[in-house]
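# sequence and predicted structure are below.
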Amino acid sequence: KKFHFGCAGFREAKFRLLSKDSRDAWTCPECKSSNPGNVQPAEPKTENDAPISKDFMVQMFSELKDEIKKDREMAAGNSREILAKINDLSGKLDDCLTNYETLSARVDQMKNDLDDIKNEDLTHRVVSLEKTLENFHASRLSDDMPSGFNVECAVAEMEDRRRRAGNIMIFSYPESTESHPIQSLQDDLDRIKASLYELSPEFTD
């Protein structure tokens with residue numbers, strides 16, 4: 001009696017994995033015990049119904065074992081490669097941190113140097129400003145002195161002013177346009193005499 005696939009819940013695919021002898025010798029326990037006549041005849045054999053030998057099974061499992069071993073070795077190789085890349089990346093990160101610290105230190109040094117330069121430049125500018133101010137005062141003093149004015153003229157003017165200290169002051173009288181003190185004095189005297197002569201001729205004597 002041949003196996004038919006409705007009795008024991010046996011799948012056809014699993015049944016076909018059996019060897020030819022096992023398939024031919026198969027007897028469905030359900031059909032045999034309950035209704036031996038309810039047995040389907042064996043299906044016609046095809047080229048796919050070739051028996052699966054023990055050597056084939058051994059070879060199949062051996063190849064499967066080799067594939068698993070290759071996959072495991074490949075996974076191990078990939079793991080080592082990934083670990084190496086992680087270590088390399090970690091080293092690069094350490095280098096980046098070191099370079100950052102170095103750059104930060106250089107920036108701080110440049111900032112300090114810039115502050116020193118600013119302070120030195122400020123000091124130089126203050127000194128330069130003081131010298132400029134001194135030169136300005138010196139030039140103002142020299143500008144207050146008439147051109148061509150020498151020591152003798154200065155002494156003469158001071159002496160003339162001393163003598164005139166007790167004289168009568170005349171206001172609202174135009175100053176002489178003469179630049180030389182002696183000429184200016186003579187011009188003032190001439191103009192005063194002219195004014196006195198207009199008042200009374202005897203004042204001019």
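Arrived safely.
# strands along this protein, start to end?
Applying DSSP state E to the chain gives no strands.
# low-confidence ranges in it?
Low-confidence segments of the chain (pLDDT under 70): 1-12, 14-15, 18, 23, 25-54, 56, 137-150, 166-171, 201-205.
# for it, which helix is longest?
Across the chain, the longest stretch assigned as helix under DSSP state H is helix 54-144.
# tell me what that one is packed against?
If contacts are counted by 3 or more CB pairs under 8 Å, 6 or more residues apart in numbering; DSSP states H and E, helix 54-144 sits against no helix or strand. Where you see a C-beta, it was placed from the backbone N, CA and C, and this is true even at glycine.
# domain ranges for this protein?
12-47, 53-144, 151-204 (automatic domain parsing).
# could the ones you listed go into a markdown table alongside mean neighbour count?
Supplementary listing: the domains of the chain in a markdown table, determined by neighbours: other CB atoms under 10 Å:
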| stretch | mean neighbour count |
| --- | --- |
| domain 12-47 | 12 |
| domain 53-144 | 10 |
| domain 151-204 | 11 |
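# where's the closest residue to Gln183 other than its chain neighbours relative to Ser184, distance?
Distances taken as CB to CB, 6 or more residues apart in numbering put Ser176 closest to Gln183, at 7.7 Å, once the chain neighbours are dropped. As judged by CB to CB, to the nearest Å, Ser176 and Ser184 stand 4 Å apart.
# ditto for Cys153
Taken as CB to CB, the span from Cys153 to Ser184 is 11 Å.
# kindly report the same for Asn112.
With distances taken as CB to CB, Asn112 is found 65 Å from Ser184.
# with Ser104 instead?
Distance from Ser104 to Ser184, by CB to CB: 76 Å.
# again, but for Ser128
For Ser128, the distance to Ser184 - CB to CB - is 41 Å.
# Ser176 is in contact with Asp187, isn't it?
Yes - counting by CB atoms under 8 Å, Asp187 is a contact partner of Ser176 at 4.2 Å.
# what do those two both touch?
Shared contacts of Ser176 and Asp187, defined by CB atoms under 8 Å, 6 or more residues apart in numbering, are absent.
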